[in-house]
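> Build me a structure from this.
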Amino acid sequence: MVATCPFCNAPLDGDWIRHDDIFVCGRCGEPLPAHFVPAVGEPVTQLRTVISPKPYKANRRVGLVVIAVMLVMAVAALIFAFRTQSFRRANDYRRGPISTVILQAPGDWAAVGYLPAETNALAGVQVAKLLNDSLGKRLFDLPRPELLELALETVERWTRIKPAQIDHVVFGAEIKNKLPQLVIVVRTVGSYSEAEIVRAMQPAKPFQYHERAVFRVPGKPGNGMLYCADDRTLVALVRLDVPSVDDLKAIAVPPRKGAEGLTPSLQKIFTERIDKQSLAWCAGDLEQAVALKDILAFTGLAAAWPGLLSDVRQFAVALYPQDGWTVSGSFHARDRNAATSLEKTLKDLQLPGVRSLKVTGPPPDAADPAAQWVQLQIRAAPDGMTRLLSPKR
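Residues are numbered from 1 along each chain as shown. Modelled structure (predicted):
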């Protein structure tokens, strides 16, 4: 058996070659291992290494074959893709048509950017997403939840814009030491016609604010003004007394980006306490909410959330589709005793139609006031959640 060079695999044939007293391969010039070295006393003459030509042509042939196979496969895949395009497109959306509604985190909603900077209680509803959802549609059956009915009925009566034309609606108020001005911001799916708004508001005559039309609107639940902020945004101001042009100055024009202009505590609530998939939510910072009792009595929420008036500093409640419908709530209690009382109050709630109710208080050893959060989770089937949000049904 002919020995081969361990470095270049060239066959070694004949005697050894010595180069500067080192035995090397005649082809690659590498030193040969010791077992190739002749024993002491053996004659050392010229070693003939069979120099095999490098297989350039063979390598080129293999490379060309590989490239040819790749090209054939690419062409075949391209032809297959074109011929099956219609079949594949027909199977893209087996679960129904794709929604054109873009779901954003509540803190990024465009309507939130119009709220006054001093707003400390706010709520929002993703109308378009709910109407596109088989479960969400049930919330719009009459009678609707009180706050939702207030917004949709006011907007439809003032502007003739139907719920199906609305992307989302946001409510905001500054609740401190007086009855607040309620701000309702409506963001439509597409551009509305300002001429249609003018006709709907007759005989009221518009005046201009920031080169956009404003209408005065008397009536229930209070007097108001309707501001056509841009081609997709309407801002309604509702007061129990008569609103003035100065009240419009609180509206952010041009709008901020989402919740960026609100207080730091509310920005933190949007980031940490409201689920990004929420379709309806409310939040508040109640540190100075002296008039809260009056406004909650006005909206009918005081009876629904016992303990809210005296025990809570901040709160966030969100509704989103998960296992039917899920309501998550976070309530920041004023102190440890208030957290314990609120936890017990929530656990004692009797909510018909609810599948599960879970309440978690702060850790027993948590003495820091910032840690006094009570968490609430309610899960219910669509009918049960509808009855919970609309007790009149």
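> how close does Asn337 get to Lys162?
To Lys162, Asn337 is 49 Å away according to C-beta to C-beta, to the nearest Å. For the C-beta atoms, the positions are set from N, CA and C on the backbone; glycine is no exception.
> same thing with His332?
For His332, the distance to Lys162 (C-beta to C-beta) stands at 38 Å.
> The two: which is more packed in?
Taking neighbours as other C-beta atoms under 10 Å, His332 and Lys162 compare with His332 leading, 26 against 10.
> Is the more buried one bridged to anything, and to what?
Residues in a beta bridge with His332, per DSSP bridges, are Gln314, Trp373.
> In contact with it, which residues?
Applying C-beta atoms under 8 Å, 6 or more residues apart in numbering, we find His332 in contact with 312-315, 372-373.
> Determine which two of the residues you listed are furthest apart.
Phe315 and Gln372 (12.3 Å; C-beta to C-beta).
> show me where the protein has helices.
56-83, 85-90, 127-131, 146-159, 194-201, 264-272, 292-299, 308-311, 336-347, 382-389 (DSSP state H).
> Kindly reformat those as CSV and extend each row with distance to Asp285 and mean neighbour count.
Shown next, in CSV, are the helices of the chain (distance: least, C-beta to C-beta, whole Å; neighbours: other C-beta atoms under 10 Å):
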stretch, distance to Asp285, mean neighbour count
helix 56-83, 56, 10
helix 85-90, 49, 9
helix 127-131, 25, 22
helix 146-159, 18, 19
helix 194-201, 34, 14
helix 264-272, 5, 16
helix 292-299, 11, 16
helix 308-311, 13, 17
helix 336-347, 16, 18
helix 382-389, 23, 19
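> Adding distance to Asn120 and mean pLDDT, write these out as TSV.
Output for the helices of the chain, formatted as TSV (distance: least, C-beta to C-beta, whole Å; pLDDT from 0 to 100):
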stretch	distance to Asn120	mean pLDDT
helix 56-83	56	72
helix 85-90	50	65
helix 127-131	24	87
helix 146-159	16	75
helix 194-201	30	84
helix 264-272	7	93
helix 292-299	10	55
helix 308-311	14	65
helix 336-347	19	90
helix 382-389	23	72
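> Val312 and Ala338, how far apart?
For Val312, the distance to Ala338 equals 8 Å [C-beta to C-beta].
> Turn the helices of the chain into CSV, including distance to Met225.
As requested, the helices of the chain are exported to CSV (distance: least, C-beta to C-beta, whole Å):
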stretch, distance to Met225
helix 56-83, 58
helix 85-90, 49
helix 127-131, 22
helix 146-159, 10
helix 194-201, 11
helix 264-272, 25
helix 292-299, 19
helix 308-311, 30
helix 336-347, 38
helix 382-389, 29
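> Val186: which of those helices is closest?
Closest approach to Val186 among the helices of the chain (C-beta to C-beta): helix 146-159, 5.3 Å.
> and Val253, which of the helices of the chain is closest to it?
Nearest to Val253 among the helices of the chain is helix 194-201; the distance by C-beta to C-beta comes to 16.3 Å.
> on contacts alone, who are the packing partners of that closest one?
Identification of packing neighbours for helix 194-201 by 3 or more C-beta pairs under 8 Å, 6 or more residues apart in numbering; DSSP states H and E yields helix 146-159, strand 212-217, strand 223-230.
> could you dump those to TSV with distance to Val185?
Below are these laid out as TSV (distance: least, C-beta to C-beta, whole Å):
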stretch	distance to Val185
helix 146-159	9
strand 212-217	14
strand 223-230	8
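> Which among those is found nearest to Ser278?
The closest of the helices and strands packed on helix 194-201 to Ser278 is helix 146-159. By C-beta to C-beta, the value is 14.4 Å.
> Just the C-alphas of the closest one, formatted as CSV.
Provided in CSV are the C-alpha atoms of helix 146-159 (Å, rounded to 0.1, in the frame of the first residue of the first chain):
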residue,chain,number,x,y,z
GLU,A,146,-74.7,55.0,30.9
LEU,A,147,-71.5,56.8,30.0
LEU,A,148,-71.4,55.2,26.5
GLU,A,149,-75.1,56.2,25.9
LEU,A,150,-74.3,59.8,27.0
ALA,A,151,-71.5,60.1,24.4
LEU,A,152,-73.1,58.3,21.5
GLU,A,153,-76.5,59.9,22.0
THR,A,154,-75.0,63.4,22.3
VAL,A,155,-72.8,63.0,19.3
GLU,A,156,-75.6,61.5,17.1
ARG,A,157,-78.1,64.2,18.2
TRP,A,158,-75.7,67.0,17.6
THR,A,159,-74.0,65.8,14.4
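> Output the contacting helices and strands for that helix.
So helix 146-159, by 3+ C-beta pairs under 8 Å, 6+ apart, packs with strand 121-125, strand 166-173, strand 182-188, helix 194-201, strand 223-230, strand 233-239, helix 292-299.
> Drop anything exposed from the contacts of His332.
Among those, those buried by neighbour count (16 or more other C-beta atoms under 10 Å) are 312-315, 372-373.
> in stretch 212-231, what's buried?
Neighbour-count burial for stretch 212-231 flags 212-217, 222-230 (criterion: 16+ other C-beta under 10 Å).
> What is the nearest of those to Pro180?
Nearest member of the buried residues of stretch 212-231 to Pro180, counting by C-beta to C-beta, is Gly222, at 10.9 Å.
> Need the pLDDT of that closest one.
Model confidence at Gly222, given as pLDDT, is 66.
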